[in-house]
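J.: Here's a sequence, model it:
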Amino acid sequence: LREDSVSTAIYLADLLETCYFTRFWTEVVTFNELTQSLKGFENAVRQYVCQVITITFQSIPSSQLVEQLGNVSDEQLEALIEANSWKKQADGTVFVGKKEAPASKPKKLVEQLDLD
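T.: From the prediction side, this is the model:
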(Lines give C-alpha, C1' and ligand atoms only; values in the text may rest on other atoms or scores of the structure.)
Protein backbone atom coordinates (compact mmCIF):
# COMPACT_ATOMS: atom_id res chain seq x y z
CA LEU A 1 0.00 0.00 0.00
CA ARG A 2 1.10 3.50 -0.71
CA GLU A 3 1.57 5.86 2.21
CA ASP A 4 -1.26 8.14 1.04
CA SER A 5 -3.62 5.14 0.95
CA VAL A 6 -2.75 4.28 4.53
CA SER A 7 -3.27 7.85 5.72
CA THR A 8 -6.59 7.95 3.85
CA ALA A 9 -7.73 4.72 5.50
CA ILE A 10 -6.76 6.11 8.92
CA TYR A 11 -8.65 9.34 8.19
CA LEU A 12 -11.80 7.45 7.15
CA ALA A 13 -11.53 5.17 10.19
CA ASP A 14 -11.27 8.23 12.44
CA LEU A 15 -14.46 9.65 10.93
CA LEU A 16 -16.27 6.40 11.69
CA GLU A 17 -14.85 6.03 15.20
CA THR A 18 -15.88 9.59 16.08
CA CYS A 19 -19.35 9.03 14.58
CA TYR A 20 -19.05 11.62 11.83
CA PHE A 21 -21.06 9.34 9.58
CA THR A 22 -22.48 11.98 7.24
CA ARG A 23 -19.01 13.42 6.70
CA PHE A 24 -17.62 9.91 6.19
CA TRP A 25 -20.04 9.25 3.31
CA THR A 26 -19.15 12.60 1.72
CA GLU A 27 -15.41 11.93 2.01
CA VAL A 28 -15.44 8.29 0.97
CA VAL A 29 -16.70 9.29 -2.50
CA THR A 30 -13.47 11.23 -3.10
CA PHE A 31 -11.45 8.12 -2.28
CA ASN A 32 -13.49 5.79 -4.47
CA GLU A 33 -10.39 4.29 -6.11
CA LEU A 34 -9.29 3.03 -2.70
CA THR A 35 -12.64 1.62 -1.54
CA GLN A 36 -14.22 0.28 -4.75
CA SER A 37 -11.98 -2.78 -4.74
CA LEU A 38 -13.11 -3.73 -1.23
CA LYS A 39 -16.03 -6.10 -1.67
CA GLY A 40 -18.82 -5.43 0.82
CA PHE A 41 -17.17 -2.27 2.16
CA GLU A 42 -20.28 -0.07 2.15
CA ASN A 43 -22.46 -2.79 3.67
CA ALA A 44 -19.94 -3.38 6.45
CA VAL A 45 -19.82 0.33 7.22
CA ARG A 46 -23.63 0.49 7.26
CA GLN A 47 -23.74 -2.45 9.69
CA TYR A 48 -21.35 -0.59 11.96
CA VAL A 49 -23.43 2.60 11.73
CA CYS A 50 -26.57 0.60 12.56
CA GLN A 51 -24.88 -0.87 15.65
CA VAL A 52 -23.86 2.58 16.86
CA ILE A 53 -27.34 4.00 16.21
CA THR A 54 -28.95 1.12 18.12
CA ILE A 55 -26.68 1.73 21.10
CA THR A 56 -27.03 5.51 21.01
CA PHE A 57 -30.66 6.23 20.15
CA GLN A 58 -34.07 5.00 21.17
CA SER A 59 -35.66 6.62 18.12
CA ILE A 60 -34.33 8.70 15.23
CA PRO A 61 -36.01 10.69 12.45
CA SER A 62 -36.04 8.78 9.16
CA SER A 63 -34.36 11.67 7.33
CA GLN A 64 -31.47 11.69 9.81
CA LEU A 65 -31.16 7.92 9.59
CA VAL A 66 -30.96 8.10 5.78
CA GLU A 67 -28.12 10.66 6.04
CA GLN A 68 -26.23 8.63 8.64
CA LEU A 69 -26.44 5.57 6.40
CA GLY A 70 -25.05 7.36 3.35
CA ASN A 71 -28.25 8.61 1.67
CA VAL A 72 -29.63 5.14 1.15
CA SER A 73 -32.66 4.58 -1.06
CA ASP A 74 -36.10 3.93 0.40
CA GLU A 75 -35.71 0.23 -0.43
CA GLN A 76 -32.33 0.04 1.30
CA LEU A 77 -33.71 1.88 4.33
CA GLU A 78 -36.64 -0.52 4.62
CA ALA A 79 -34.28 -3.50 4.34
CA LEU A 80 -32.02 -2.09 7.07
CA ILE A 81 -34.99 -1.36 9.32
CA GLU A 82 -36.17 -4.95 8.93
CA ALA A 83 -32.69 -6.47 9.31
CA ASN A 84 -32.16 -4.60 12.59
CA SER A 85 -35.65 -5.30 13.96
CA TRP A 86 -36.40 -1.59 14.10
CA LYS A 87 -39.91 -0.20 13.71
CA LYS A 88 -40.96 2.70 11.51
CA GLN A 89 -43.40 4.98 13.34
CA ALA A 90 -46.33 6.87 11.80
CA ASP A 91 -44.68 10.23 12.59
CA GLY A 92 -41.64 9.47 10.41
CA THR A 93 -39.30 8.38 13.17
CA VAL A 94 -37.73 4.97 13.46
CA PHE A 95 -37.77 3.21 16.81
CA VAL A 96 -34.33 1.60 17.13
CA GLY A 97 -34.36 0.59 20.80
CA LYS A 98 -34.37 -3.12 21.41
CA LYS A 99 -36.87 -2.82 24.23
CA GLU A 100 -38.82 -0.22 26.07
CA ALA A 101 -37.13 1.31 29.09
CA PRO A 102 -38.49 -0.22 32.27
CA ALA A 103 -40.69 2.05 34.32
CA SER A 104 -38.95 3.26 37.42
CA LYS A 105 -40.43 2.01 40.66
CA PRO A 106 -40.34 4.27 43.68
CA LYS A 107 -38.58 2.90 46.73
CA LYS A 108 -40.16 3.24 50.10
CA LEU A 109 -37.61 4.42 52.62
CA VAL A 110 -38.19 3.87 56.30
CA GLU A 111 -35.97 5.60 58.82
CA GLN A 112 -35.92 4.67 62.44
CA LEU A 113 -34.64 7.25 64.82
CA ASP A 114 -33.76 6.34 68.37
CA LEU A 115 -34.53 9.34 70.54
CA ASP A 116 -33.07 8.68 73.98
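J.: Show me where this protein dips below the pLDDT cut-off.
T.: Along the chain, segments meeting pLDDT under 70 span 1, 98-105, 107, 116.
J.: Spatially central residue in it, please.
T.: Ile53 (2.7 Å; CA atoms, centre = their mean).
J.: I figured that residue hits Leu65, correct?
T.: Yes - Ile53 lies in contact with Leu65 (CB atoms under 8 Å); the separation is 7.1 Å. For every residue, glycine as well, the C-beta is placed using N, CA and C.
J.: circling back to that earlier point, just the element for the residue nearest to the centre of the chain, please.
T.: Ile53 is located in helix 41-56, with elements delineated by DSSP states H and E.
J.: For that helix, list every residue counted as buried.
T.: Glu42, Val45, Arg46, Val49, Cys50, Ile53, Thr54 (16 or more other CB atoms under 10 Å).
J.: What count of nearby residues applies to the residue nearest to the first one when sequence neighbours are not counted?
T.: Of all residues not flanking Glu42 in the chain, Gly70 sits nearest, at 6.9 Å (CB to CB, 6 or more residues apart in numbering). Here the neighbour count serves as a burial measure; for Gly70 (other CB atoms under 10 Å) it reads 18.
J.: distance of Gly70 from Phe57?
T.: The spacing between Gly70 and Phe57, counted by CB to CB, to the nearest Å, is 17 Å.
J.: Equivalent analysis for Thr18, please.
T.: From Thr18 to Phe57 the distance is 17 Å (CB to CB).
J.: So which of the two has more stuff around it?
T.: Taking other CB under 10 Å, Thr18 and Phe57 do not tie; Phe57 has more neighbours (18 against 10).
J.: Was I right to think the more buried one contacts Trp86?
T.: No - at 10.0 Å, Phe57 does not count as touching Trp86 under the criterion of CB under 8 Å.
J.: hey, what's in contact with both of the two?
T.: Residues touching both Phe57 and Trp86 by CB atoms under 8 Å, 6 or more residues apart in numbering: Val96.
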